[in-house]
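# no FASTA, just this:
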């Protein structure tokens, strides 16, 4: 791998190597530019993925690179409050922190937005008191990049002819993964209730593709590294290509704490702490910031200067605002016969009917109800959660634990979330991280509309599991989200610099050579699972950035 | 919550505090395996943290969390050895909870059965009575959590001896599986 000196002014520094950063690094270095990727996480088992650990205890108590994927709350603390009348208190949020970011361990759901999701304000009208607005781009502009993403990354799915499925210019490159018992049961329920149930679309290979094998069904999936490279993370699809160009250097365990700016208001590079906590300034002609919808705005707010006293690229005052962290509902069920959800992938099937808004319901939005089980049935977690409706220790616990083992599935539905200016990421006024840098503070309370939507989906989920023939169905009261790796909205895209942070090509309005590409650019949240739309945005951003850089206009 | 933050929430609320590895000089896996091998060879391992009396009391507690009935329980799984070894390594932060908790356990035992020598010497019904009385304490919830982790973690960590924990819940630890996975996708055309 090429090694640049920090004093060498490379063409691009890319901050973050995940869903967007990995793609930007690959596209830019393939196009002939010199690139340094700065990733705060470790390398994981990059290049020797067979060493990823499948040990559940080590996953809960990670010891080293083969099992540490999330940030360490002791090194990267953060605070949380519901609104700015409260003092934010220490929270337990962790974010992906490994080369390849969240794509190394995620469940891989990779849905496209439906066409209307780019201009819902035009379709549904504005919603007073919210930042509900159209994106400055259309589905037609995104479609080629969704297709490019599906084929370059390796996404498994099957398009059905339905208004609930986005139009596609090419089919998926590999067929869908197995339905599993949970998907079969959703499908049976769907047949009774007149619902459209389809295989989930996922960034996991079902057949050998581009030199990587198909998923082996090991069941230690979401939260674990993939030993066989069947999960199409940017670490096995994009970064190796970037490295092989001979123009891209990947540096891990680099904690960027400032993007430097000169008197002309142009960025000049990134300042970071290396593994030994030495401060390094990597010079660059341009910076691509792809650190996730939570950390990207934090870094901009940390990058204050005389020219940008409120944070880099923040003349609109909107950096960090309109945070859509992601609300989710669940319902649970037991069945007479074994499901064995603990094998295979996370999610076999999705119900599509509650994706579109139906104004008759009295709220905006909806979501994709997905059938799952795996994430709660790995042995230690299953034992700790305990069986339903039983004591949590003793003879009764043991009996029910044994009877219910492998007989459970549950539904997960991530829903839409209205963008509110008051929901945001900013800097905690007191708490510092292990590098002495102000910690992240999260302020969020969902709009009542979203709580109505969650409750509707919860009830529908219960109905569906009952229709599937469950012997017992239960769910918990809905809970408002607190900020997650699914973060969107915090550097929103728009044509007007007064009401957005980046333009339709991800160029910061205020800073001509700064590009922001990740979930922070979302205008509306979509039906969550933002990773694949982030990836399509990255392919599109890279396409334009390469052209602009070649024209000398960066 | 996403799966990861959900899992962290569950673990933290179950543990009551977050435990971390001691990263630098720990070769715990190899040593835990050595403990497990010693036990498999029929020699009960020496306790690294507990005295023999304490170990017997914790073994008895664990055996009430996951009793032995027609199937093995925490005792056969050697959960006490998992906990003992863990307390010198990745569960170090829990040492004070165990020290204070064992004293409280002995006090509660004397209170409910003044003639008993130790918690371990009580009848099962008496043990359940004592544990029910301390059910809300952080000591009990910690022992419950550690027992369950020891029951279902890989045998390489010193518990789940002979995979009795995994066998109890029908968990097959082979890494490759092909569909159908369960009953419903095996019998239904809907799975195709």
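Nice, I can see it. Predicted, not measured: the structure shown is a model, and the values here were computed from it.

# gap between the closest residue to residue A:273 other than its chain neighbours and chain B?
Residue nearest to residue A:273 in three dimensions, not counting chain neighbours: residue A:255, with 4.5 Å by Cβ to Cβ, 6 or more residues apart in numbering or on different chains. All C-beta spots, glycine's among them, are computed from the backbone N, C-alpha and C. With distances taken as Cβ to the nearest Cβ, to the nearest Å, residue A:255 is found 18 Å from chain B.

# wait, residue A:255 sits on residue A:436?
No: checked against Cβ atoms under 8 Å, the pair residue A:255 and residue A:436 is beyond contact range at 10.7 Å.

# who's more crowded, those two?
Higher neighbour count among residue A:255 and residue A:436: residue A:255, with 22 against 9, using other Cβ atoms under 10 Å in any protein chain shown.

# residue B:92 - how many residues pack around it?
Other residues close to residue B:92 by other Cβ under 10 Å number 15.

# pLDDT below threshold where in chain B?
Residue ranges of chain B with pLDDT under 70: B:1-45, B:189-192.

# longest helix in it, by residue count?
Across chain B, the longest stretch assigned as helix under DSSP state H is helix B:95-112.

# which parts of that one are buried?
B:97, B:98, B:101, B:102, B:105, B:106, B:108, B:109 (16 or more other Cβ atoms under 10 Å in any protein chain shown).

# could you export those residues as CSV, including distance to chain A?
Converted to CSV, the buried residues of helix B:95-112 look like this (distance: Cβ to the nearest Cβ, whole Å):
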residue, distance to chain A
B:97, 17
B:98, 17
B:101, 15
B:102, 18
B:105, 15
B:106, 20
B:108, 16
B:109, 18
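
# who does the helix or strand harbouring residue A:186 touch, helix- and strand-wise?
Residue A:186 is part of helix A:180-193 when elements are defined by DSSP states H and E. Contacts defined by 3 or more Cβ pairs under 8 Å, 6 or more residues apart in numbering or on different chains; DSSP states H and E place helix A:180-193 against strand A:197-199, strand A:349-351, strand A:367-372, strand A:408-415, helix A:448-467, helix B:183-187.

# give the buried residues for that helix.
A:180, A:181, A:182, A:183, A:184, A:185, A:186, A:187, A:188, A:189, A:190, A:193.

# and residue 74, how many neighbours?
Unless you meant another one, I'm taking chain A. So residue A:74, with other Cβ under 10 Å, has 10 neighbours.

# other chain: chain B
30.

# same check, this time on residue A:84
Here the number of neighbours of residue A:84 (other Cβ under 10 Å) works out to 12.

# pLDDT wise, what is the nearest residue to it once chain neighbours are set aside at?
For residue A:84, ignoring the flanking residues on the chain, the nearest one in space by Cβ to Cβ, 6+ apart is residue A:443 at 5.9 Å. Here the pLDDT value assigned to residue A:443 is 97.

# just checking, residue A:297 touches residue A:318?
No: taking contacts as Cβ under 8 Å, residue A:297 lies outside contact range of residue A:318: 9.2 Å.

# between the two, who's got more neighbours?
residue A:297 (33 against 23).

# what about the more buried one, distance to residue A:97?
17 Å (Cβ to Cβ, to the nearest Å).

# any idea which residue is closest to the centre of chain B?
Centroid-nearest residue in chain B, with Cα atoms, centre = their mean: residue B:147, separated by 1.7 Å.
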